[in-house]
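>>> Based on what follows, work out the 3D shape:
(one chain, ligands or ions: 1)
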Amino acid sequence: MSSAPPADFPADFRFGAATAAHQVEGDNVHSDWWEAEQAGRLPHRSGAACRHHALYAEDFDRAAALGHDAHRLSVEWARIEPRPGRIDRAALDHYRRVMTALRERGLEPFVTLQHFTLPAWFAREGGWLAADAPARFTRYAAVVAEALGDRVTFWLTVNEPTVYAKRAYAVGDWPPFRHGRFGEARRVVAAMLEAHRRAAAELHRLCPGARVGIAHSAPFVTPRTPATLLDRLVARLRDLVLNTLPVRSARPGLDWLGLNYYARQLVHWRPRGTAWLFGTDWTGPDGRGPRRFSDLGWEIWPAGLGAVLRRFAALGLPLYVTENGLATRDEALRVRFLLDHLREVARARADGVDVRGYFWWSLLDNYEWAEGFAPRFGLYETDYRDCTRRPRPVAEVYREICLTRSLAAGERRATALAGTEA
Ligand code: FCB
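Down below sits the predicted model:
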């Protein structure tokens, strides 16, 4: 009798896709992003986005049909608290229906409380730099916990504080468009992490079964020329600022850690400015063969995911890959990306790393912030003329893996699909 080979992923490993409210819902009119879009301060308007606010049930049908058993999404603070202290009960009722719709389809909700956008009033009052920002956020978290706590176990407080601070306060191309304000960026990260810790305590108090995490942007940072001491030093420093310190500060509020992983960052010393810390350093020779990039110029580096998982395993917390995906119009590359990154997750698991789930970014093409609608990240292709969605080949490959828990089955599916297209 032949026994089946061991699965790459156990039955209780969570597979799903991730989205964020402003990027998919549409008409997020009370948010700081919407205001900036209308004022022409951002190059693209989100408009109706993917109309997911109306179409969520059919989108969850799609996710369930793809064999997913979990789904990451965010609730929109600007909808729930459109004016200070004024809670919109209809908005909360909407999100109760959303959570019910997920559960009815066997999709475990992973709910982010804040994913980059802020209520316009909160932004006007200083955003994360206001003295009472963490307290305000904690009150909002309590409102959501009370409304959704019977339907949600897995919470993410905030999404990617370091990315937000970098774009909004250093690069300055996201609201509130503060360029080169490194001191402010540092204070914003600190405030968001304080808000995370306080909200986590509140979630635990109100929902004793809550499992609280954060979505940490976890780039794989490495020196461009390892033989060069200065390159090694700046890589160490950048990694300290972008990975070590924020996760250490988030730790007291964590039952698990969410890692958003996309790319490798090669870093080299530059004599002037702060580009070594905040600048992107995607190009340049590294002597390690041909390099591949996403349409956004992010370097594809699957081994980086394995490295990041192993490194954060030392925390002793369950890990989830809360985002991973590729902006491309090359479907074969996207399929390869999925398989190569999932292989890294399986290898890390085989080495004893406690990774419990994986979320592809994203379920469908959506509004990619300052880059607008051009980048294509979806399992589903969105046709923005009429908001119809069409599954891409990658969705089928991922489905095969979700259903069989086997990477070999995914590889076979990918080969068969490539054969059909040839
Ligand atoms: C992450 C964001 C997410 C999406 C992806 C591509 O940094 O969390 O909203 O934009 O990048």
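>>> Going by neighbour count, which residues in the helix or strand hosting residue 397 are buried?
Element membership for residue 397 (DSSP states H and E) is helix 393-404. Residues of helix 393-404 classed as buried: 393, 394, 395, 396, 397, 398, 399, 400, 401, 402, 404 (neighbour count, 16 or more other CB atoms under 10 Å). All C-beta spots, glycine's among them, are computed from the backbone N, C-alpha and C.
>>> Quick one: distance of that helix to the chain centre.
In terms of CA atoms, centre = their mean, to the nearest Å, the centre of helix 393-404 is set 20 Å apart from its chain centre.
>>> With stretch 64-79 instead?
Worked out by CA atoms, centre = their mean, stretch 64-79 lies 12 Å from the chain centre.
>>> likewise stretch 207-224?
9 Å.
>>> Check stretch 412-422 too.
With CA atoms, centre = their mean as the basis, stretch 412-422 stands 29 Å off its chain's centre.
>>> mind listing what's buried in it?
Buried residues in stretch 412-422, counted by 16+ other CB under 10 Å: 413, 414, 417.
>>> Quick one: mean pLDDT over it.
Stretch 412-422 comes out with an average pLDDT of 88.
>>> Start the count at 53 instead of 1 going forward.
Got it, first residue is 53 now, which makes that one stretch 464-474.
>>> Let me see the ranges of the strands in the stretch 303-452 of the chain.
Per DSSP state E, counting those that start in this stretch, the stretch 303-452 of the chain carries strands over the ranges 309-312, 316-319, 371-375, 407-413, 432-435, 440-443.
>>> What are the contacting residues of the last one?
The contact list for strand 440-443, computed with CB atoms under 8 Å, 6 or more residues apart in numbering, reads 102, 111, 114, 118, 416, 430, 431, 432, 433, 434, 435.
>>> Would you mind writing the CA trace of it as PDB?
Extracted in PDB, the C-alpha atoms of strand 440-443 (Å, rounded to 0.1, in the frame of the first residue of the first chain):
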ATOM      1  CA  THR A 440     -16.300  43.100 -14.000                       C
ATOM      2  CA  ARG A 441     -13.800  40.600 -12.800                       C
ATOM      3  CA  ARG A 442     -12.100  37.800 -14.700                       C
ATOM      4  CA  PRO A 443      -9.900  35.100 -13.100                       C
END
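>>> how many neighbours does the closest residue to the ligand within the stretch 53-202 of the chain have?
Closest approach between the stretch 53-202 of the chain and the ligand, counting by CB to the nearest ligand atom: residue 72, at 4.7 Å. Residue 72 is flanked by 24 other residues according to other CB atoms under 10 Å.
>>> That one: what's it in contact with?
Residues in contact with residue 72 (CB under 8 Å, 6+ apart) are 125, 126, 164, 167, 168, 211.
>>> Of these - the most surrounded one?
residue 125 (29 neighbours).
>>> Contacts only, for the closest residue to that residue other than its chain neighbours.
Excluding its sequence neighbours, the residue lying closest to residue 125 (CB to CB, 6 or more residues apart in numbering) is residue 71, at 5.1 Å. Listed by CB under 8 Å, 6+ apart, the contact partners of residue 71 are 104, 123, 124, 125, 126, 414, 415, 416, 418.
>>> swap in residue 344?
351, 352, 385.
>>> likewise residue 197?
By CB under 8 Å, 6+ apart, residue 197 lies in contact with 207, 254, 255, 258, 259, 262.
>>> What parts of the stretch 53-202 of the chain come near the ligand?
Within the stretch 53-202 of the chain, the positions near the ligand by CB under 6 Å from any ligand atom are 72, 75.
>>> For the stretch 53-202 of the chain, just list every one of the helices.
Along the stretch 53-202 of the chain, the stretches classed as helices by DSSP state H, counting those that start in this stretch are 73-76, 84-90, 104-117, 129-132, 141-156, 172-176, 185-200.
>>> Nearest residue to the middle of the protein?
Residue closest to the mean C-alpha point of the chain, counted by CA atoms, centre = their mean, is residue 375 at 4.2 Å.
>>> Just give me the neighbour total for the spatially closest residue to it that is not a sequence neighbour.
In space, residue 375 comes closest to residue 312 once its chain neighbours are excluded; the distance is 3.7 Å by CB to CB, 6+ apart. Other residues lying near residue 312 total 21 when counted by other CB under 10 Å.
>>> Could you pull up the residues touching residue 312?
211, 212, 267, 268, 269, 270, 373, 374, 375, 376, 413 are the contacts of residue 312 under CB under 8 Å, 6+ apart.
>>> pLDDT score for the third one?
The one in question is residue 267. Note for residue 267: predicted pLDDT of 99.
>>> Report the contact partners of it.
By CB under 8 Å, 6+ apart, the residues touching residue 267 are 164, 167, 208, 210, 211, 212, 310, 311, 312, 374, 375.
>>> Which residues does the top helix by length along the chain contact?
Among the segments of the chain that qualify as a helix by DSSP state H, the longest is helix 234-258. When contacts are defined by CB under 8 Å, 6+ apart, helix 234-258 is touched by residues 165, 179-181, 185-187, 189-190, 193-194, 197-198, 201, 207, 209-210, 213-214, 216-218, 220-222, 230, 262, 264, 266, 298, 301-302, 304-306, 326, 330.
>>> swap in stretch 171-185?
If you take CB under 8 Å, 6+ apart as the criterion, stretch 171-185 is touched by 82-84, 86-87, 129-130, 133-136, 170, 188, 227-228, 236, 239-240, 243-244, 247.
>>> That stretch: which residues count as buried?
By neighbour count with 16+ other CB under 10 Å, stretch 171-185 contains the buried residues 171, 172, 173, 174, 175, 177, 179, 180, 185.
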